[in-house]
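**Q** A structural model of the following input is requested.
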Amino acid sequence: MAIDMFFTSMSSNTISAKAKSMYGKRLTDANYQDMLRRSNVTEIAAYLKENTAYSAALAQVDIHNVHRGQLENILMRELFNKYTKLCRYNFTGDNGFYGYLVLQYEIEQILKCILSLNAKTMADFILDLPAFLISHASFDLLALAKVRSFDELLEVLGHTPYREILKPFFPKGDELIDYSSCEKALMTYHYDYLLGVIRKKFHGQTKKDLEKVIKVNVTLSNLMTIYRLKRYFDADKADISEAVLPFEFKLNKNTLQQMIEAKTVDDFFDVFDQCYYGKNNKAEEGSLGFEHHLSQIIYLYNKKLMRFSTSPPAVLYAFIILNSTEVKNIIKIIEGIRYQIPISQIQNLLIL
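**A** Purely as a prediction, here's the structure:
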């Protein structure tokens, strides 16, 4: 079924109303405060099961034996279920744009596999494998869990575009797999694919909204990468340039290059404060402040898009980003409590 025909059968108002109805059941500030007062994963899982819209997702879960990775997978599965309910798309064929969440999850699993291979912790990778993705992935996810080398990884990915993307990064001898280069190559493919489909399949305001939301997200992600590399690793401009994805929105190449070449973090902020994203959105410099600030911009932009856009695919895309942020907030609370971080500090990490 053609994309336009699919959405002809389902009015913009209907899909927008469904997404807004689901989003209306999101966690509230009071929910977050209640979770912050819990002591461990079991208590947080019990709270989500008894007091939130996650109750159905956790109905058959033994909360007394659930660990952090399992809970995260349950939350991811619930997000995926919401996604399929909204778009009602058949993932077994050519997914076009509407398979983007599967694409995202596939890349996440490949990158987790590479990390596990480097750390020699594939047993942990198997435990956290998202079972809900098995029937939708373009490769054998169970086979991915069994790989023990980069060569075996490429074999599992043999019939997918991922094989040719990763092949140039085959490690020599006992070298570790170059995770950063693999990540950049896979994420560049991800966004190239999405933007290519958007250019071919959509037009008008829908095309404009989708291109903007994707490029805004990538641009702010690039700024976060530059900041982290400068602040925590004192990386040189060549390494930073290599890490930045080749996409931008409202940020010309000259300004981006100035940020990359900034000699200090303070110099970076001098440039940032004059760009589109910094002029009216001043952030406090600090180990958490700036990254939180950029994440907040992404969250608020997508919240605004979902509220005002009349484009079903743009609403859907924003909805998934907002719900992904909610899942990340829950995980931050779990991790914070696990490592006994003060409640005030955990609260400052949340994107609300």
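**Q** buried sites along the helix or strand containing residue 182?
**A** Taking DSSP states H and E as the criterion, residue 182 maps to helix 179-201. Buried residues in helix 179-201, defined by neighbour count with 16 or more other CB atoms under 10 Å: 182-187, 189-191, 194-195, 197-198, 201. Bear in mind the C-beta positions are built from the backbone N, C-alpha and C, glycine included.
**Q** got it, and stretch 327-347?
**A** Quick answer for stretch 327-347 (16+ other CB under 10 Å): 327-330, 332-334, 336-337, 341, 346-347.
**Q** first vs last residue of it, how far apart are they?
**A** This stretch, stretch 327-347, spans 15 Å end to end (CA to CA, to the nearest Å).
**Q** mean confidence score for that stretch?
**A** The average pLDDT within stretch 327-347 is 93.
**Q** any idea how far that stretch is from the chain center?
**A** 19 Å (CA atoms, centre = their mean, to the nearest Å).
**Q** likewise stretch 28-40?
**A** In this view, stretch 28-40 has its centroid 23 Å away from the chain centroid, taken as CA atoms, centre = their mean.
**Q** Residues contacting that stretch, please?
**A** Contact with stretch 28-40 is made by 44, 47-48, 51-52, 329-330, 333, 337-338, 343, 346-347, 350, 352, as judged by CB atoms under 8 Å, 6 or more residues apart in numbering.
**Q** Out of those, which is nearest to residue 290?
**A** Nearest to residue 290, judged by CB to CB, of the contacts of stretch 28-40 is residue 350 at 16.0 Å.
**Q** Need phi/psi at the closest one.
**A** In terms of degrees, to the nearest 10, the main-chain angles of residue 350 are phi -70, psi 140.
**Q** Excluding sequence neighbours, find me the nearest residue to it.
**A** residue 329 (4.9 Å; CB to CB, 6 or more residues apart in numbering).
**Q** and if you look at residue 352?
**A** Residue 352's closest residue in space is residue 29 (CB to CB, 6+ apart), at 6.6 Å.
**Q** cool, and residue 80?
**A** residue 132 (5.8 Å).
**Q** I'd like to know which elements the helix holding residue 182 is packed against.
**A** helix 100-119, helix 161-166, helix 204-233, helix 237-243 (3 or more CB pairs under 8 Å, 6 or more residues apart in numbering; DSSP states H and E).
**Q** pLDDT averaged over the helix or strand following the first one - what is it?
**A** So that's helix 100-119. Sequence order places helix 122-127 as the next helix or strand after helix 100-119, per DSSP H and E. In this model, helix 122-127 has a mean pLDDT of 79.
**Q** which parts of helix 122-127 are buried?
**A** Residues of helix 122-127 classed as buried under the neighbour-count rule (16+ other CB under 10 Å) are 122, 125.
**Q** Contacts for it next, please.
**A** 69, 112-113, 116, 145, 147-148.
**Q** Recalculate using a threshold of 10 Å.
**A** Helix 122-127 is contacted by residues 67, 69-70, 73, 109, 112-117, 119, 121, 142, 144-148 when judged by CB atoms under 10 Å, 6 or more residues apart in numbering.
**Q** ok, then the element right after that helix?
**A** Using DSSP H and E, the helix or strand that follows helix 122-127 towards the C-terminus is helix 141-144.
**Q** returning to that earlier point: now the angle from the helix holding residue 182 to helix 100-119?
**A** Following axes from the mean of the first three to the mean of the last three CA atoms, to 10 degrees, one obtains 170 degrees for the angle between helix 179-201 and helix 100-119.
**Q** could I get helix 179-201 in CSV with only the CA atoms?
**A** Only the C-alpha atoms of helix 179-201 are listed here, as CSV (Å, rounded to 0.1, in the frame of the first residue of the first chain):
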residue,chain,number,x,y,z
TYR,A,179,33.3,1.6,18.0
SER,A,180,33.2,5.4,17.3
SER,A,181,33.8,4.9,13.6
CYS,A,182,31.2,2.1,13.4
GLU,A,183,28.7,4.3,15.3
LYS,A,184,29.2,7.3,13.0
ALA,A,185,28.9,5.2,9.9
LEU,A,186,25.7,3.5,11.1
MET,A,187,24.1,6.7,12.3
THR,A,188,25.0,8.5,9.0
TYR,A,189,23.3,5.7,7.1
HIS,A,190,20.3,6.0,9.4
TYR,A,191,19.7,9.7,8.7
ASP,A,192,20.6,9.5,5.1
TYR,A,193,18.0,6.8,4.7
LEU,A,194,15.3,8.7,6.5
LEU,A,195,15.9,11.9,4.7
GLY,A,196,16.1,10.1,1.3
VAL,A,197,12.7,8.5,1.9
ILE,A,198,11.2,11.8,3.0
ARG,A,199,12.4,13.5,-0.1
LYS,A,200,10.9,10.8,-2.3
LYS,A,201,7.7,10.0,-0.5
